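*Asks:* Have a look at this prediction, sequence included:
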Amino acid sequence: MSRKADMKAVLVGSDKDIVIQDARRFLSRDFSVNFAPDAPSCLKTFQQKRHDFAFIDIDFLGGVGGAESFHKFPELLQPYSKAGVCESRCE
């Protein structure tokens, strides 16, 4: 079996170039990384392939941001509810 087939799969969903560049730089050597530049492609990729880890930009999911929108996160993340969710905010 090839090394690529043995790698854990990671989904990175973000429309931010710096996130994509950093994820590619830090993850691509040890993980099979899929990138999704928008919410529809992120959801489609998430549903079509099992990923061991998913890093999804909360803001790009629904255009929400800030603490006042925190209550919307469960609704926005509902399609991804099979996976565990760890929220972290980068400014």
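*Replies:* It's in.

*Asks:* Before we move on, what's the pLDDT of the residue nearest to Pro37 when sequence neighbours are not counted?
*Replies:* Excluding the flanking residues, the one nearest Pro37 by CB to CB, 6 or more residues apart in numbering is Asp15, at 5.4 Å. (Glycine included, C-beta is placed from N, CA and C.) Here the pLDDT value assigned to Asp15 is 89.

*Asks:* just Ser28 next, same as before
*Replies:* 92.

*Asks:* Report the separation between it and Leu43.
*Replies:* Separation of Ser28 from Leu43 (CB to CB, to the nearest Å): 22 Å.

*Asks:* Pick out whichever of these two has more residues nearby.
*Replies:* Neighbour count, other CB atoms under 10 Å: between Ser28 and Leu43, Leu43 has more, with 16 against 12.

*Asks:* before we move on, which element is the more buried one in?
*Replies:* Element membership for Leu43, per DSSP states H and E: helix 39-48.
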